[in-house]
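Q: With the input below, show me the fold.
(one chain, ligands or ions: 1)
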Amino acid sequence: MKRVLISFSLSFLLVNVLPRDLSAQTSADPGLVAEIARIKAIDNHTHVTRVVGPGEEDHEYDALPFELIEAFPTMVRYRPDNLEFVGAWRALFGYKYSDMTEAHVRELAEARQRAMREHGDGYPAWVLDQLGIETMFANRIAMGRGLIAPRFRWVSYIDALVFPLNNEAARRMNFDYRAFYPAEERLLKRYLADLKLDALPATLKDYLTNVVTPTLERQKRGGAVAVKFEIAYLRALDLYEASESGAARVYERWVKGGEPPPADYKLFQDFLFRYASREAGRLGLVVHIHVFDGGGGSYVQSGSNPVLLDSAFNDPSLRKTNFVIVHGGYPHTRVTAGLLSKPNVWADFSAQDLLIYPRALAEVLRNWLEYYPEKILFGTDASPTFPEIGWEETGWLATQTARQALGLALTGMMNDGEITRDRAVELARMVLRENAVKLYGF
Ligand SMILES: [Zn+2]
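A: Next up is the predicted model:
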């Protein structure tokens, strides 16, 4: 039934709304679609929530959840009235309706509670089975009930390590920073407490060896397969080369208090980003970097072009660190395609499959598939969003969209004589799972 609903709404859009572009593929090869539907996926990026008891809430699904900042306009597909989410309700919870009236949505809430009760701690894995996902990466502050390996793998956060000094200047310049910096400061305190420290060390050398490296090692021991920077929510991605002696001068002058001059603090952050990335590589942790044109009402778009990471990716001392451009650097996806030429760079299309429609995503994917198909990773960005739109629904919509877009892109390549049918199936398997198996060594 979900197929009927989605294909109806899509054909409506394709015929009536989107501009005619004869070069774009508008329908996918049915046999290929069936093959793609059978592939068990590895989801490179989500904010899945843990199982909670009565009255308990989970706020650890993101180090910088949007619930902290002022409400901002969301893209149309991400709004709670998007009827595509009804498809998720039908597929997951046996919802019988095609609308979102209050009475019907109340029934849905009961059906969801029933499924949670029935599956208990197995509920998250049961949802994965419904979505055709074998392994889901959980980008969270900490894992929790029901989020158990091998179905769920941890991606931890390390931004807090980059901003240990006084952050007042940043807070003054941006509404979102005003909420996000305190969240990072709280997380750094938690990391210090985990190491049984109650204050920052006086020297940079001690900060690196007694805080930064042990935090990464601790996360690795806790099961992390990757670490995540959402640094583009906190500053621009111009993370350039910086000397340790310069960073030490800044750290040691300001660690006891006072506002460091912004240029000095930037230099310290630049150094820390590369140090932490190098250490992650040494420990076999992949480094994820959020690069997307949002979100938030004060997100710094000009600082979020993936080309800003060029010098970090090229740093000879970082060639043993593997990076993933999370969300594929949208809308600069053609820049991302070029960056995939670097041996240590991959990209996922998480969030794109949630926010843009299959045909637009198919164009992104076709460009990437024609460049470096072994560097593309599937991801959803499944996240709790509204009371009745959880990670289950966003995960479902993104999964459907990703499979549809992949079908369109590969059908177009087959029709244009670029690839055979067998190669199309092989490419779909690579994107949905095999590239991830190779990158993470599963
Ligand atoms: Zn995310």
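
Q: What segments of the stretch 101-250 of the chain are helices?
A: 102-119, 123-131, 168-173, 175-194, 204-207, 213-221, 244-254 (DSSP state H, counting those that start in this stretch).

Q: for the protein, what are the low-confidence residue spans?
A: The chain contains residues with pLDDT under 70 at 1-24.

Q: Mind doing that once more with 80?
A: Along the chain, the model assigns pLDDT under 80 to residues 1-25.

Q: biggest helix in it by residues?
A: If you go by DSSP state H, the chain has its longest helix at helix 391-415.

Q: for that one, which positions count as buried?
A: Within helix 391-415, the residues that count as buried by 16 or more other CB atoms under 10 Å are 391-414. No exception for glycine: its C-beta is placed from N, CA and C like everyone else's.

Q: looking at the helices of the stretch 101-250 of the chain, which is closest to residue 47?
A: Closest approach to residue 47 among the helices of the stretch 101-250 of the chain is made by helix 123-131 (12.3 Å; CB to CB).

Q: now what about that closest one, what contacts it?
A: Here helix 123-131 makes contact (CB atoms under 8 Å, 6 or more residues apart in numbering) with 41, 48, 50-51, 91-92, 115-116, 119, 134, 136, 146-148, 151-152, 391-392, 395-396, 399.

Q: mind saving the C-alpha coords of that helix as CSV?
A: Taking C-alpha atoms only, helix 123-131 is exported to CSV below (Å, rounded to 0.1, in the frame of the first residue of the first chain):
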residue,chain,number,x,y,z
TYR,A,123,11.9,-2.5,19.1
PRO,A,124,14.7,-0.6,17.3
ALA,A,125,16.0,-3.8,15.6
TRP,A,126,12.4,-4.6,14.6
VAL,A,127,12.1,-1.2,12.9
LEU,A,128,15.3,-1.9,11.0
ASP,A,129,13.8,-5.2,9.7
GLN,A,130,10.8,-3.2,8.4
LEU,A,131,13.1,-0.7,6.7
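
Q: Taking helix 391-415 as reference, get the angle to that helix.
A: For helix 123-131 against helix 391-415, the angle by axes from the mean of the first three to the mean of the last three CA atoms, to 10 degrees is 30 degrees.

Q: orientation of helix 123-131 relative to helix 102-119 in degrees?
A: Using the same axes, to 10 degrees: helix 123-131 against helix 102-119 is 110 degrees.

Q: The stretch 251-400 of the chain: helices as residue ranges?
A: Secondary structure of the stretch 251-400 of the chain (DSSP H, counting those that start in this stretch): helices at 262-282, 310-314, 333-339, 352-355, 358-371, 391-415.

Q: Looking at the ones you listed, spot the one closest to residue 442.
A: Of all these, it is helix 262-282 that lies closest to residue 442, at 18.0 Å by CB to CB.

Q: Any buried residues in the closest one, and which?
A: 264-281.

Q: So which elements touch it?
A: On a contact count with 3 or more CB pairs under 8 Å, 6 or more residues apart in numbering; DSSP states H and E, helix 262-282 meets helix 213-221, strand 224-229, helix 244-254, strand 286-290, helix 310-314.
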